[in-house]
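> Please work out how this folds:
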Amino acid sequence: MKISDEFIVQRLVEKYGTLTKVALCLGYSGYRPFQAARKKGFPEAKRLLGMMLLLEEDSNGEKK
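Below you'll find the predicted structure:
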């Protein structure tokens, strides 16, 4: 089962608060390159990084 990019983005926004902060956490230089990648679909490395950030939250049991 593959987790959608939108689900990852929604969960990361809940964790970090804004799309700009999510973009920076995923390694994008800012909001605009993040949005372009979001429309095309994230590369596998960015998707894995997003899932790792979500797992970090789950393993600690609290939001950072």
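> what residue ranges in the chain score low on pLDDT?
The chain contains residues with pLDDT under 70 at 1, 57-64.
> Check it and tell me which residue is nearest its centre.
The centre of the chain sits closest to Gly50, judged by CA atoms, centre = their mean, with a distance of 4.1 Å.
> what about the residue nearest to it when sequence neighbours are not counted, is that helix, strand or coil?
Nearest residue to Gly50 in three dimensions, chain neighbours excluded: Ile8, at 4.1 Å (CB to CB, 6 or more residues apart in numbering). Bear in mind the C-beta positions are built from the backbone N, C-alpha and C, glycine included. Three-state call for Ile8 (DSSP: H, G, I helix; E, B strand; the rest coil): helix.
> Ile8 contacts Leu48, correct?
No - if you go by CB atoms under 8 Å, Ile8 and Leu48 don't touch, sitting 9.9 Å apart.
> When these two are compared, which one has more neighbours?
Ile8 (21 against 12; other CB atoms under 10 Å).
> Now for the more buried one: which residues touch it?
By CB atoms under 8 Å, 6 or more residues apart in numbering, Ile8 lies in contact with 42, 47, 50-51, 54.
> now for these, which pair is the farthest apart?
Greatest spatial distance in the contacts of Ile8: Phe42 and Leu54, 13.6 Å, computed using CB to CB.
> can you give me how far the longest helix along the chain is from the chain middle?
Ranked by number of residues, the top helix in the chain under DSSP state H is helix 44-60. Taking CA atoms, centre = their mean, to the nearest Å, one finds helix 44-60 lying 8 Å from the centre of the chain it belongs to.
> Contacts for that helix, please.
3, 5, 8-9, 11-12, 15, 25-27, 37, 42, 63-64.
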